[in-house]
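# I need the structure of the sequence given here:
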Amino acid sequence: MLDILRNLPLILALSSALSTVFYKIFQRFIKRITEKIENELAEISKRISAIEKNAATAHKDLEKEVLRLQLLEGLIVSDFQRVRLHIFMTVMPL
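As a prediction, this is how the structure comes out:
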């Protein structure tokens with residue numbers, strides 16, 4: 001017991017130094033992990049934005065195609081007037 005009391009300052013100094021070193025290592029580890037997570041989230045966000053943009057473009061193209069098919073169907077049925085056809089063709093060229 002007396003031996004431990006004599007070495008108590010040394011024990012406290014070593015434990016303090018070791019805990020400081022381990023804390024610094026832990027901080028660096030957490031920082032690297034956080035940076036990796038942020039980078040992955042940014043990349044995922046970019047991918048989602050690109051997918052949303054592609055979906056919006058595809059939706060517009062699909063709407064145009066539906067209108068074109070309606071136009072062709074109207075031409076077949078002869079419901080369209082010439083003026084409507086001209087307006088439609090100038091707004092949405094084939």
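# how about the strands of this structure, start to end?
Counting by DSSP state E, one finds no strands in the chain.
# Any stretches of this protein with poor pLDDT?
1, 74-94 (pLDDT under 70).
# Just give me the residue right at the centre of it.
Per C-alpha atoms, centre = their mean, the C-alpha nearest to the average position across the chain is that of residue 45, at 1.0 Å.
# what sits against it?
By C-beta atoms under 8 Å, 6 or more residues apart in numbering, the contact set of residue 45 is empty. From N, CA and C alone the C-beta is placed, and that goes for glycine too.
# Ok, residue 50 next?
Contacts of residue 50 (C-beta under 8 Å, 6+ apart): none.
# do residue 2 as well
So residue 2 contacts nothing (C-beta under 8 Å, 6+ apart).
# next one: the biggest helix by length in the chain to chain centre, how far?
The longest helix of the chain (DSSP state H) is helix 8-77. With C-alpha atoms, centre = their mean, to the nearest Å as the basis, helix 8-77 stands 4 Å off its chain's centre.
# got it, and stretch 2-15?
The chain centroid and the centroid of stretch 2-15 are separated by 54 Å, computed with C-alpha atoms, centre = their mean.
# Dump that stretch to CSV, keeping only the CA atoms.
Taking Å, rounded to 0.1, in the frame of the first residue of the first chain, the C-alpha atoms of stretch 2-15 are listed here in CSV:
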residue,chain,number,x,y,z
LEU,A,2,2.8,2.4,0.9
ASP,A,3,4.5,1.6,-2.5
ILE,A,4,1.3,2.7,-4.4
LEU,A,5,1.2,5.9,-2.4
ARG,A,6,4.8,6.7,-3.3
ASN,A,7,4.2,6.1,-7.0
LEU,A,8,0.8,7.8,-7.1
PRO,A,9,2.0,11.0,-8.8
LEU,A,10,3.7,8.8,-11.5
ILE,A,11,0.7,6.7,-11.9
LEU,A,12,-1.6,9.7,-12.2
ALA,A,13,0.8,11.4,-14.7
LEU,A,14,1.0,8.2,-16.9
SER,A,15,-2.7,7.6,-16.8
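# Nice, that's everything, thank you.
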